[in-house]
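1. Predicted structure and sequence below. I'll ask about it afterward.
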Amino acid sequence: MDGLSMGSNIVVRQREQSLIQQEPRQEFRRVTIGSLPDNVLLEIFDFYQIVINEKVINTKEVDEHHPWNWEKLVHVCRRWRYIIFESPVRLNLQLFCTKDSPVRKLLDVWPPFPLVIRYSYSSWDWEGPEYRINSTNNLVAALERRDRVREIRVYVFNAPDHVCDQIVTAMEKPLPALRSLTLGSVDGILPELDTLSNGSAPCLHELTLWGISFPSLPQLLSSTSDLTSLNLYNIPNSGYVSPETMATSLSALPKLECLVIKFEFPIPHPERRNRAPTRFILPSLTKLEFEGLSEYLEVLAARFDAPLLDKFLITFAHQPQLEVDFDIPQTGRLFCSCLDSFKPLGLDIYLTFRWQDCASIGVSFTSIAADSEFYPSHLWKIMCEDLDHQVISVAQICGQIPSFRSSVKSLIIHCQNLNDLNRTLWLQLFRLFPSVQFLQIPFLLQQSIESGSERSGEESLAVVDELFPSLRGILRYGPYR
């Protein structure tokens, strides 16, 4: 076989040589980037900026203050500059204005592209007071071109009053092209915003406020029908908006996809009215994140439906002066609509109780697909300090959502502090999930449950079997008594 292979290779080489001798010699021209047509270069530039922006969003590998550095490309040659400037929308040409940027010079040199403002102020900046004054002037200079401002991201920490007043005054004037706004006060020192963008932001898509008191928020939301993301973090008491008013504002946002409402110090809500409110639909909402009192969310949830909701992240604040009493039928209704997304896929629900610290319990609901990859879906966190109240809280919440309990196939208990276990409370919790097939439980918890049984030895294991008649497997971990 080796001899035949060698002979065939010799024949092939001879035929190649004869063909080369018969054909006229051809000159092959080297192709350089300068020989590419304009449309090909445009495709290359466009592909590059898309890749860069995806890295900023997904991996943070690129400096978000200067993600798409088209300025370097326009300095390569006049032809490249012409191609790039002829397609500003496709290539997403923007001027990034930061506290380090010579803003007035940038605005004079470059064409009138949209402005993206990135600014942070801290009295602890090592550069000194002169630098901080210049950085604030850069912010004000950028905001003067308000018809070009597309995105603003401002964070303030320990700023003096005159700086805060400058920022607030500049933000209150109209910003007709604004699409994304993030405004944060780390220490709550930024003064109250009376209005923002003159009370109107027709192009706004994303709004994030962190520790900001903004009583006129409902007025602004009434003009932002294209809003897709509303994120309100660390809402101070002075920025409290009632759930009824919040619901009215949300009803004007048909494109809203993400809603985050988190209170810094939750305020008890007055007693609910018996009259059932009229519900509206948020047809695009897919994520709801809330941190505060259960009463607030319950009043808000009673006023809307969200058929596409598939991300549910809830934290109920602790009320030390009150007894544990969660009455949340409307919140449970919304939650059940989330779990309905599992049913068409034939996915089981994996329920996990996780004590991350001594002051809270997290209840997570996940599904597992055929390829054994977990998809986190929902998290319910309850802030309370002692273990008994935590167990009671979980039992109350899960007990009000009966439609999903039969779907829970796996129950996982992660708990470190298991001193003075109340057997009765745990039995009440476990009896809510008769369809569980897999149980992961600490030895101490199992021993506590079995210790109250009159049976002994191997017969005591039947206590778990009676609680979970469909049980197929159990995993116990941790120390014995």
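-> Sure, I can see it.
2. Which secondary structure elements does the helix or strand hosting residue 167 sit against?
-> Here residue 167 sits within helix 161-171, counting by DSSP states H and E. Counting contacts by 3 or more Cβ pairs under 8 Å, 6 or more residues apart in numbering; DSSP states H and E, helix 161-171 packs against helix 129-144, strand 149-157. For glycine as for every other residue, the C-beta is placed from the backbone atoms N, C-alpha and C.
3. Can you lay out these as CSV showing mean pLDDT?
-> What follows is the helices and strands packed on helix 161-171, written out as CSV (pLDDT from 0 to 100):
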stretch, mean pLDDT
helix 129-144, 72
strand 149-157, 87
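4. now, of these, which is deepest in the fold?
-> Comparing the helices and strands packed on helix 161-171 by mean neighbour count (mean count of other Cβ atoms under 10 Å), strand 149-157 ranks first with a mean of 20.
5. Run through the neighbouring helices and strands of that strand.
-> Right, strand 149-157 is packed against strand 115-122, helix 129-144, helix 161-171, strand 180-185 by 3+ Cβ pairs under 8 Å, 6+ apart.
6. Of those, which is nearest residue 290?
-> With Cβ to Cβ as the measure, strand 180-185 is the member of these nearest residue 290 (19.2 Å).
7. how far off strand 115-122 does the closest one point, in degrees?
-> Angle, strand 180-185 to strand 115-122, by axes from the mean of the first three to the mean of the last three Cα atoms, to 10 degrees: 10 degrees.
8. and the angle for strand 180-185 with strand 149-157?
-> Using the same axes, to 10 degrees: strand 180-185 against strand 149-157 is 10 degrees.
9. Provide the strand pairings for strand 180-185, with the direction of each partner.
-> Applying DSSP bridges, strand 180-185 is found paired with strand 149-157 (parallel), strand 206-210 (parallel).
10. tell me the average confidence for that strand?
-> Average pLDDT, strand 180-185: 88.
11. Other residues contacting it?
-> Residues outside strand 180-185 that contact it (Cβ atoms under 8 Å, 6 or more residues apart in numbering): 150-157, 171, 190, 193, 196, 201, 204-212, 233.
12. and the strands paired with strand 180-185 as CSV, adding distance to residue 114?
-> Shown next, in CSV, are those (distance: least, Cβ to Cβ, whole Å):
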stretch, distance to residue 114
strand 149-157, 4
strand 206-210, 15
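13. which stretch among these comes nearest residue 225?
-> Of the strands paired with strand 180-185, nearest to residue 225 by Cβ to Cβ is strand 206-210, at 12.8 Å.
14. For that closest one, report the contacting residues that lie outside it.
-> 155, 179-186, 217, 220, 224, 227-235, 239.
15. run the last query once more with 7 Å
-> Contacts with strand 206-210, where a contact means Cβ atoms under 7 Å, 6 or more residues apart in numbering, come from 180-185, 227-234.
16. and what of stretch 331-339?
-> So stretch 331-339 is contacted by 297-298, 301, 306-307, 309-310, 312, 349, 378, 400-401, 403-404, 407 (Cβ under 7 Å, 6+ apart).
17. which one of these is nearest residue 263?
-> Using Cβ to Cβ, residue 297 comes nearest to residue 263 of the contacts of stretch 331-339, at 10.6 Å.
18. mind listing what the closest one touches?
-> Residues in contact with residue 297 (Cβ under 7 Å, 6+ apart) are 290, 331.
19. How is it assigned, secondary-structure-wise?
-> Here residue 297 takes the helix state, with states given by DSSP: H, G, I helix; E, B strand; the rest coil.
20. thinking again about what came up before, including distance to residue 54, could the helices and strands packed on helix 161-171 go into CSV?
-> Rendered in CSV, the data for these read as follows (distance: least, Cβ to Cβ, whole Å):
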stretch, distance to residue 54
helix 129-144, 26
strand 149-157, 17
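21. so residue 476 is in which element?
-> Per DSSP H and E: strand 473-477 holds residue 476.
22. Give the partner strands of that strand in its sheet and their orientations.
-> strand 438-442 (parallel).
23. can you tell me the average pLDDT over the helix or strand following the strand it pairs with?
-> Of the helices and strands lying after strand 438-442 in sequence (DSSP H and E), the nearest is helix 443-451. On average, the pLDDT along helix 443-451 is 77.
24. Counting neighbours, which bits of the next helix or strand after helix 443-451 end up buried?
-> Next helix or strand after helix 443-451 toward the C-terminus (DSSP H and E): helix 462-467. By 16 or more other Cβ atoms under 10 Å, the buried positions in helix 462-467 come out as 463-464, 467.
25. Please name every helix or strand in contact with helix 462-467.
-> Applying 3 or more Cβ pairs under 7 Å, 6 or more residues apart in numbering; DSSP states H and E, one finds that helix 462-467 contacts helix 443-451.
26. Now do the helix it packs on: which elements does it pack against?
-> helix 423-430, helix 462-467, strand 473-477.
27. got the angle for it vs strand 438-442?
-> 100 degrees.
28. and residue 183, bridged to which residues?
-> Beta bridges link residue 183 to residue 154, residue 209, judged by DSSP bridges.
29. Thanks again, I'm all set now.
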